[in-house]
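Asker: need the 3D shape of this:
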Amino acid sequence: MNSVSAVLAGIEAELGWVRDTYKNLHRHPELSLEEHQTAKLVTDRLLAFGYEVTHIGGTGVVGVLASGEGPAVLARADMDALPVTEATGLPYASEVEGVMHACGHDVHVSTLLGAAKLMADGRGVWSGTYIVLFQPAEEVGAGSKAMVEDGLATKIPRPDVALAQHVMPLPAGTIATKPGPVLSAADSLKITVYGTGAHGSMPHMSVDPVVLASSIVLRLQTVVSRETRPGEFAVVTVGAFNAGATSNIIPDQATLLLNIRTYDDAVRSAVLAAIERIVKGECITAGSPRKPEFEYYDRFPLTTNDSAVTDRVTAAFTSHFGATSIQHALPQTASEDFSRIPQAFGVPYTFWLLGGVEPETYRAAVANGTVFQDIPANHSPSFAPLVDPTLSLGVQAHVVAALSYLSQPTDSR
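Answerer: Numbering: from 1, shown residues only. Model prediction:
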């Protein structure tokens, strides 16, 4: 029996509490930086499993389990929920008004806890250090930063590699991996432009910020269509436009809220520079009395998988699950803050996608060309990952990935 088989031999006995944990977390979601009960649950479980536990970055929790000499592997799960009112109709639906685990972080926490238990029970067949990190506030891009700024790199052993997974609207029973960019970088940007207010009947006495902001919205459409090289990826979305309060008053300012996504740091810099250039130019053209203001927030780094780590973990997945269960991931336009953690240690990482949709439902949607219409995506009030086999696969994936670095033959000990 190899190390993977030995560690996973007890998985069926653990899946009952893993399912219960998942449903409990789903019923009791907590928003970013408010994950107190989730952190307590995680802490209590890790201590019971025999991990050394450290609290870092507010509600962040790290468990460390040493098993002799060897490499150190860090596995991460995020814990926070979203301000979404649930519409799944599940018997274990959220009991917190206006808050829901609409992104699958309850899956992430429960599956990593399951892996932590199996790795603790099976440490006689692997050598090294297993680090499990439960991160707060991923949804607002603040949790990994908070942990790093609280001294993460000095408070736990330095890993040799970092791992993470995310449940996505893909067929349950499948895992998707790829080297290189897998999740986009993201920047949210608030732009404030200024005009001169006046009576609605006297537009000649104003510098109308509504017209100015409207011109900016239209011109911003050229950043992708005319300033981004064909084949390179960028998204520039104006998600909000706010100005004025009544029909007969021309306001003195307007605000735009933008969301920008890119897969390449050079493209990211060029797109942001183009946005600022266009805004400043339109303000000059309109005769704006003040310079525009730019406020960046909710910023997420690019998630780009190390090729060597990804190849090694994918090979381990293929060996364990079979080639038909492993897909080549397409780059996602969603974003994550996980990569700040391995970057804090200067170590490589890989981030894979875990399917959570009933396979027949997914295949039917593909056949009909209605995947985006029929399959609820992350952040949807109807997002509801299939419990089985998603949780089992998620637990196994963490174990298999970790043991691709920590495993050794059982007869060598």
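
Asker: okay, CA-based contacts and neighbour counts for the rest of this
Answerer: OK.

Asker: now the strands for the stretch 301-413 of the chain?
Answerer: 303-305, 326-328, 349-357 (DSSP state E, counting those that start in this stretch).

Asker: can you list the buried residues in stretch 243-252?
Answerer: 243, 250-252 (16 or more other CA atoms under 10 Å).

Asker: of the residues you listed, which is the nearest to Val140?
Answerer: Within the buried residues of stretch 243-252, the smallest distance to Val140 is 25.5 Å, found for Ala243 (CA to CA).

Asker: pLDDT score assigned to the nearest residue to that closest one once chain neighbours are set aside?
Answerer: Closest residue to Ala243 apart from its sequence neighbours, by CA to CA, 6 or more residues apart in numbering: Ala254 at 4.5 Å. The model reports Ala254 with a pLDDT of 98.

Asker: and for Asn2?
Answerer: According to the model, Asn2 scores 89 on pLDDT.

Asker: ok, back up a step: quick one: contacts for the residue nearest to Ala243?
Answerer: Contact criterion CA atoms under 8 Å, 6 or more residues apart in numbering gives 192-194, 209-210, 213, 241-244 as the residues in contact with Ala254.

Asker: one more: Pro209?
Answerer: Pro209 sits in contact with 193-196, 243, 250-254, where contact means CA under 8 Å, 6+ apart.

Asker: how close does it get to Gly239?
Answerer: 17 Å (CA to CA, to the nearest Å).

Asker: can you pull up the most central residue in this structure?
Answerer: Glu336 (3.4 Å; CA atoms, centre = their mean).

Asker: any idea what the residue nearest to it when sequence neighbours are not counted is bridged to?
Answerer: Nearest non-adjacent residue to Glu336, counting by CA to CA, 6+ apart: Phe300, 5.9 Å away. Note on Phe300: beta-bridge partners by DSSP bridges are Ala186.

Asker: strands of the stretch 101-250 of the chain, start to end?
Answerer: 128-135, 161-171, 175-177, 180-183, 185-194, 198-199, 234-243, 249-250.

Asker: so which of those strands is nearest Asp80?
Answerer: strand 128-135 (8.2 Å).

Asker: verify the stated contact: Ala286 with Ala213.
Answerer: No: with contacts defined as CA atoms under 8 Å, Ala286 does not count as touching Ala213, sitting 9.9 Å away.

Asker: so if I had to pick from those two, which one is more boxed in?
Answerer: Ranked by neighbour count (other CA atoms under 10 Å), Ala286 and Ala213 place Ala213 first, with 27 against 17.

Asker: which stretches of the chain form helices?
Answerer: Assigned by DSSP state H, the chain shows helices spanning 3-8, 11-27, 36-49, 105-121, 143-149, 152-155, 209-227, 265-286, 307-321, 340-345, 359-368, 371-374, 390-406.

Asker: chain center to stretch 141-151: distance?
Answerer: Its chain's C-alpha centre and that of stretch 141-151 lie 15 Å apart, by CA atoms, centre = their mean, to the nearest Å.

Asker: could you do stretch 139-153 as well?
Answerer: The answer for stretch 139-153 is 14 Å, by CA atoms, centre = their mean.

Asker: okay, buried residues for that stretch please.
Answerer: Buried, per 16+ other CA under 10 Å, within stretch 139-153: 139-148, 152-153.

Asker: right, so of the helices of the chain, which gets closest to Leu65?
Answerer: Among the helices of the chain, if distance is taken as CA to CA, the winner is helix 105-121, at 7.3 Å.

Asker: for the closest one, list the C-alpha coordinates in PDB.
Answerer: Provided in PDB are the C-alpha atoms of helix 105-121 (Å, rounded to 0.1, in the frame of the first residue of the first chain):
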ATOM      1  CA  HIS A 105     -15.700  28.700   1.200                       C
ATOM      2  CA  ASP A 106     -17.700  26.300   3.400                       C
ATOM      3  CA  VAL A 107     -16.600  23.600   1.000                       C
ATOM      4  CA  HIS A 108     -13.000  24.800   1.300                       C
ATOM      5  CA  VAL A 109     -12.900  24.800   5.100                       C
ATOM      6  CA  SER A 110     -14.600  21.400   5.600                       C
ATOM      7  CA  THR A 111     -12.500  19.600   3.000                       C
ATOM      8  CA  LEU A 112      -9.200  21.000   4.400                       C
ATOM      9  CA  LEU A 113     -10.300  20.000   7.900                       C
ATOM     10  CA  GLY A 114     -11.000  16.500   6.500                       C
ATOM     11  CA  ALA A 115      -7.600  16.400   4.900                       C
ATOM     12  CA  ALA A 116      -6.000  17.700   8.200                       C
ATOM     13  CA  LYS A 117      -7.600  14.800  10.100                       C
ATOM     14  CA  LEU A 118      -6.400  12.200   7.600                       C
ATOM     15  CA  MET A 119      -2.900  13.600   7.500                       C
ATOM     16  CA  ALA A 120      -2.700  13.500  11.300                       C
ATOM     17  CA  ASP A 121      -4.000  10.000  11.500                       C
END
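
Asker: for the contacts of Pro209, which two are the farthest from each other?
Answerer: Greatest spatial distance among the contacts of Pro209 (CA to CA): Val193 and Ile250, at 13.6 Å.

Asker: model confidence over stretch 389-403, on average?
Answerer: Computed over stretch 389-403, the mean pLDDT rounds to 98.

Asker: which residues does that stretch contact?
Answerer: 3-4, 7-8, 11, 15, 18-19, 73, 75, 107-108, 110-112, 114-115, 118-119, 126, 130, 163, 165, 172-173, 313, 316-317, 320, 354-356.

Asker: what about the stretch 51-200 of the chain, any weak spots by pLDDT?
Answerer: Within the stretch 51-200 of the chain, no stretch has pLDDT under 70.

Asker: can you list contacts of stretch 192-199?
Answerer: Residues outside stretch 192-199 that contact it (CA under 8 Å, 6+ apart): 205-209, 212-213, 248-256, 283, 288-294.

Asker: nice, that's everything, thank you.
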